[in-house]
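Peer 1: sequence unavailable; structure follows:
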């Protein structure tokens, strides 16, 4: 059988050796019953327990007439070959002694002395006679279950929990808050004489979170099932002890060992409602939302104090509460009634009866300043319990893709907004583009009640570019904003054809209208000019005769004028020059003036109609482009 070897150099060790003969390292050997320490000052009676960081012994202080005491030896839970790990472990053990040396509370054991011997560190502290609370729950030992001799009553557990909270309040109120970091039933001793709870085993206590070695992961202290999530990450805070205290209460009340299912509390609902709610707040995973030791104590004290009639507040369904801590949960269940209770003064009267004048004043201020009753109730509940979960916004469509659209009509898309958290929140919706309209712009959200929001897209106002993008932002007080992206695509070729069609469809009616106006004007002029001849028909023949004679005389005396006549003008001019009067000269003299007048009139009418139609078409096209 291979003998013991040095953990530092690997060389074999001699039996009962206190130092390695090869490297000189001191060897930590557990003292046996009857052995003495510190030059015979302390005599070991028996071993009590052995944990991850140290072994605990019952000993007699020879100098104090054999007074019983507790001696804790630091075990080499670190790598002995690493000087850095050894230094950190020794420093931590010394910290425990210094921490306890300056503490003075009836619920904490007194520290007597701290010494080093044979390469080991020892802490001597007060011996507390009594049972630890683990003896009152079912436990596993040497592979078998051991049933408790009796279970603690709920009133006893609550009383011990209040005492534990007072101890934690003292520890956490130090100038540098002290954290125990390993609260569990085994570390709570029920003192035999006074029957009070004492918190022992400060082996993991400290005034700062344990820091990991350089390049290493955080060192985890505590016990699975009782330690909160942040303690597993090596980032404990004072409220980490509150989590462990609540887990301990849960174990004592239900006999359901949390070490078997960390962070799960399946029997919490079987406890009385107010007690269950108080533990729920202390067991929240987020330490910022978790109860403090004082808040947990106040909630538990109300349960252990004899009730008075005026201290109970009754909700619909005869649900009664006696503590302020239970108020948020009942208000969430009976929201409509709770609004009236707050704004009608019922809560204020009850709070004053409980001597919670701070909350009564806050309620009065909220009622006076906040006309929105839902928002006022939500603000009040967060004052009662600052750790309440906040509302959480969510949308069913984070992106609204309208696809290909034309800039000619309004489009409507719908988005469903939901509050996935708890409580009430009033949300304001806004868009970063002018072509997006939102209805309603102000949205009231309660948990699990989706609200439909209509997004109206004014397509005619879209900029003339291929890809359109806008953002709708939903925001409210104390909630993370949520955005909805609106996408649309415009076909440039389709848009050009649409504009051309709009121009043509606008210009054609305008041209027709102006042309019709020109025709009406010509008809009016025609009636004006022909009116005298209609009244005196002889004037027409007289005028025709005068024009014919004048034309014939002109051709006779000035034949060169005939050369300017169209088509047959030069031939007629030649005949007149030779003294010949052919028959078509008489036709020209007879019908020429009338034909010329008719041609001029037709040219005037046609020019007026065309010019007015062209003007109408240009004006209509311009107005269509400018829309």
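Peer 2: Structure's in. What do you need? What you see is a predicted model; the values in this text were computed from it and never measured.

Peer 1: which parts of the stretch 501-627 of the chain are helices?
Peer 2: In the stretch 501-627 of the chain, the segments counted as helices under DSSP state H, counting those that start in this stretch are 537-557, 569-577, 583-626.

Peer 1: mind checking how far the strand or helix carrying residue 483 is from the chain centre?
Peer 2: Element membership for residue 483, per DSSP states H and E: strand 482-490. With CA atoms, centre = their mean, to the nearest Å as the basis, strand 482-490 stands 21 Å off its chain's centre.

Peer 1: strand partners (parallel or antiparallel) of that strand?
Peer 2: The pairing partners recorded for strand 482-490 under DSSP bridges are strand 399-405 (parallel), strand 467-475 (antiparallel).

Peer 1: weakest of the ones you listed by average pLDDT?
Peer 2: Lowest mean pLDDT within the strands paired with strand 482-490: strand 399-405, a mean of 84.

Peer 1: beta partners of residue 400?
Peer 2: Under DSSP bridges, the beta-bridge partners of residue 400 are residue 486.

Peer 1: re the thing from before, for residue 315, which of the strands paired with strand 482-490 is the nearest?
Peer 2: Shortest distance between residue 315 and the strands paired with strand 482-490, using CB to CB, is found for strand 467-475: 32.0 Å. Any C-beta I mention is one placed from the backbone N, CA and C, and that applies to glycine too.

Peer 1: so what's the residue nearest to residue 129 when sequence neighbours are not counted up against?
Peer 2: Excluding the flanking residues, the one nearest residue 129 by CB to CB, 6 or more residues apart in numbering is residue 192, at 4.9 Å. For residue 192, the contacting residues are 129-131, by CB atoms under 8 Å, 6 or more residues apart in numbering.

Peer 1: with secondary structure added, can I get the residues you listed in CSV?
Peer 2: Compiled in CSV, those are given as follows (DSSP: H, G, I helix; E, B strand; the rest coil):
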residue, secondary structure
129, coil
130, strand
131, strand
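
Peer 1: could these go into a markdown table alongside neighbour count, pLDDT and distance to residue 461?
Peer 2: Shown next, in a markdown table, are the contacts of residue 192 (neighbours: other CB atoms under 10 Å; pLDDT from 0 to 100; distance: CB to CB, whole Å):
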| residue | neighbour count | pLDDT | distance to residue 461 |
| --- | --- | --- | --- |
| 129 | 9 | 87 | 85 |
| 130 | 17 | 89 | 81 |
| 131 | 13 | 89 | 79 |
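
Peer 1: what sits closest to the residue nearest the centre of the chain if chain neighbours are left out?
Peer 2: Residue closest to the mean C-alpha point of the chain, counted by CA atoms, centre = their mean, is residue 480 at 3.2 Å. Of all residues not flanking residue 480 in the chain, residue 393 sits nearest, at 6.9 Å (CB to CB, 6+ apart).

Peer 1: pretty sure the one you found contacts residue 473?
Peer 2: No: under the criterion of CB atoms under 8 Å, residue 393 makes no contact with residue 473, lying 10.5 Å away.

Peer 1: with neighbour numbers in mind, choose between these two.
Peer 2: Higher neighbour count among residue 393 and residue 473: residue 393, with 20 against 15, using other CB atoms under 10 Å.

Peer 1: apart from its neighbours in sequence, what residue is nearest residue 58?
Peer 2: Of all residues not flanking residue 58 in the chain, residue 45 sits nearest, at 4.4 Å (CB to CB, 6+ apart).

Peer 1: distance between the ends of stretch 63-70?
Peer 2: 15 Å (CA to CA, to the nearest Å).

Peer 1: contact partners of it?
Peer 2: Stretch 63-70 is touched from outside by 41-42, 45, 48, 56-61, 109, 112, 124-127, 129, 200, with contacts defined as CB under 8 Å, 6+ apart.

Peer 1: quick one, which of the residues you listed are buried?
Peer 2: Using 16 or more other CB atoms under 10 Å as the burial test, the contacts of stretch 63-70 include 41-42, 45, 56-57, 59-61, 109, 112, 124-127, 200 as buried.

Peer 1: what is the nearest of the residues you listed to residue 373?
Peer 2: For the buried ones among the contacts of stretch 63-70, the nearest to residue 373 is residue 200 (50.8 Å; CB to CB).

Peer 1: quick check: the gap between that closest one and residue 118.
Peer 2: 25 Å (CB to CB, to the nearest Å).

Peer 1: same check, this time on residue 71
Peer 2: 13 Å.

Peer 1: for those two, indicate the residue with more neighbours.
Peer 2: Comparing residue 71 with residue 118 by other CB under 10 Å, the one with more neighbours is residue 71, at 28 against 13.

Peer 1: right, and that one touches residue 48 too?
Peer 2: No: applying CB under 8 Å as the test, residue 71 and residue 48 come out as separate, 9.5 Å apart.

Peer 1: who touches both of those two?
Peer 2: 56-58.

Peer 1: quick one, strands of the stretch 1-150 of the chain?
Peer 2: Along the stretch 1-150 of the chain, counting by DSSP state E, counting those that start in this stretch, strands occupy 36-37, 42-50, 54-61, 67-74, 111-117, 120-126, 130-132, 139-141, 144-146.

Peer 1: again with the stretch 151-300 of the chain
Peer 2: Under DSSP E, counting those that start in this stretch, the stretch 151-300 of the chain gives strands at 188-191, 197-199.

Peer 1: same for the last one, what does it pack against?
Peer 2: Identification of packing neighbours for strand 197-199 by 3 or more CB pairs under 8 Å, 6 or more residues apart in numbering; DSSP states H and E yields helix 154-172, strand 188-191.

Peer 1: coming back round to it: check the residue nearest to residue 58 and give its pLDDT.
Peer 2: On the pLDDT scale, residue 45 gets 95.

Peer 1: same thing with the one 3 residues further on?
Peer 2: Residue 48 carries a pLDDT value of 84.

Peer 1: need the contact list for residue 430.
Peer 2: 438, 441, 472-473, 475.

Peer 1: list only buried entries from those.
Peer 2: For the contacts of residue 430, buried by 16+ other CB under 10 Å: 438, 472.

Peer 1: closest one to residue 229 out of the contacts of residue 430, please.
Peer 2: Minimum distance to residue 229 across the contacts of residue 430 is 29.7 Å, recorded for residue 475 (CB to CB).

Peer 1: so how far is residue 442 from that closest one?
Peer 2: Noted for residue 475: a distance of 11 Å to residue 442, by CB to CB.

Peer 1: any common contacting residues for those two?
Peer 2: 427-428.

Peer 1: let's have the shared contacts of residue 71 and residue 48 in CSV, adding pLDDT.
Peer 2: What follows is these, written out as CSV (pLDDT from 0 to 100):
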residue, pLDDT
56, 87
57, 92
58, 93
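
Peer 1: what is the nearest of these to residue 356?
Peer 2: Distance to residue 356, by CB to CB, is smallest for residue 56 among those, at 43.3 Å.

Peer 1: how much space separates the closest residue to residue 440 other than its chain neighbours from residue 411?
Peer 2: Spatially, and ignoring its direct neighbours in sequence, residue 440 is nearest to residue 453 (7.0 Å; CB to CB, 6+ apart). To residue 411, residue 453 is 15 Å away according to CB to CB.

Peer 1: for these two, indicate the residue with more neighbours.
Peer 2: For residue 453 versus residue 411, the count of surrounding residues by other CB under 10 Å is larger for residue 453: 21 against 16.

Peer 1: for the helix or strand that contains that one, buried residues please.
Peer 2: Applying DSSP H and E as the criterion places residue 453 in strand 451-458. Using 16+ other CB under 10 Å as the test for burial, strand 451-458 gives 453, 455, 457.

Peer 1: measure the second one to residue 474 for me?
Peer 2: The span separating residue 455 from residue 474 equals 12 Å under the rule CB to CB.

Peer 1: again with the first one
Peer 2: Relative to residue 474, residue 453 is positioned 8 Å away (criterion: CB to CB).

Peer 1: residues shared between the contacts of those two?
Peer 2: What both residue 453 and residue 474 touch, as defined by CB under 8 Å, 6+ apart, is the set 417, 429, 443.
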